[in-house]
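# Any chance you could fold what I've pasted below:
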Amino acid sequence: MSASLLRRGLELLEPPGRAKAPPGVQRGRTGPRAAGAARRRKSAPEPGRNKATVKGRVVKSAIDEYRKKKPVNHLRENLRYMLKGRLVADKAVTEQVLAQNRGRKSRDQPPEKTEKKKPEGTVFTEEDFRKFEREYFGIP
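Model prediction:
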């Protein structure tokens, strides 16, 4: 409930003999802009300090600012950390962890690997073909 609605409700509940609060108690402004004006009055600039002057201001070095914001390459440290521990997990354990982290939806499942069929080779050898040619066609 806003303050203005609360004030209106209290005015309706006032006894009929009493009209309004004395002028010293009553505020000069009401409405949404009154609060903004009060805030602006509170944040008036300090008379002792002028922000337009340079006095008291620390000059920042552009080179220092550049070095602060420059990205740092952590590759060597990360490689040293990774290569430090040589503990390799068992293949079955890694598969189990990956299976647990995978979702249950079909899109989360990896495609099933189908075993490739080996091409069927012939039962006959070259010698059998030559023998067949000699018997069938009569070629010596």
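# Only C-alpha atoms from now on, for both contacts and neighbour counts.
Will do.
# pLDDT weak spots in this protein?
Low-confidence segments of the chain (pLDDT under 70): 1, 15-54, 139-140.
# hmm, try it at 90
1-64, 67-68, 70-72, 81-90, 94-126, 129-130, 132-140 (pLDDT under 90).
# Tell me which stretches of it form helices.
3-13, 32-42, 62-69, 75-84, 91-101, 126-137 (DSSP state H).
# I'd like to know how many residues surround residue 58.
Residue 58: 7 surrounding residues under other Cα atoms under 10 Å.
# before we move on, back to that, can you lay out the helices of the chain as CSV showing distance to residue 113 and mean neighbour count?
Below are the helices of the chain laid out as CSV (distance: least, Cα to Cα, whole Å; neighbours: other Cα atoms under 10 Å):
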stretch, distance to residue 113, mean neighbour count
helix 3-13, 70, 11
helix 32-42, 69, 11
helix 62-69, 48, 9
helix 75-84, 31, 10
helix 91-101, 15, 10
helix 126-137, 36, 11
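# show me what contacts residue 109?
Each residue near residue 109 by Cα atoms under 8 Å, 6 or more residues apart in numbering is listed here: 102-103.
# Relative to residue 84, how far out is residue 100?
Remark: distance between residue 100 and residue 84 (Cα to Cα, to the nearest Å) = 28 Å.
# right, I mislabeled it, should have said residue 13
Counting by Cα to Cα - residue 13 and residue 84 are separated by 79 Å.
# In CSV, list the helices of the chain along with distance to residue 56.
Shown next, in CSV, are the helices of the chain (distance: least, Cα to Cα, whole Å):
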stretch, distance to residue 56
helix 3-13, 44
helix 32-42, 25
helix 62-69, 19
helix 75-84, 41
helix 91-101, 58
helix 126-137, 101
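# and residue 114, which of those is closest to it?
helix 91-101 (18.2 Å; Cα to Cα).
# could I have the closest one exported to CSV, CA atoms only?
Output in CSV follows, covering the C-alpha atoms of helix 91-101 (Å, rounded to 0.1, in the frame of the first residue of the first chain):
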residue,chain,number,x,y,z
LYS,A,91,38.1,-48.1,-18.2
ALA,A,92,35.0,-49.8,-16.6
VAL,A,93,34.9,-47.1,-13.9
THR,A,94,35.1,-44.3,-16.4
GLU,A,95,32.3,-45.9,-18.5
GLN,A,96,30.1,-46.2,-15.4
VAL,A,97,30.6,-42.6,-14.5
LEU,A,98,29.8,-41.4,-18.0
ALA,A,99,26.7,-43.6,-18.1
GLN,A,100,25.5,-42.1,-14.8
ASN,A,101,26.1,-38.5,-16.0
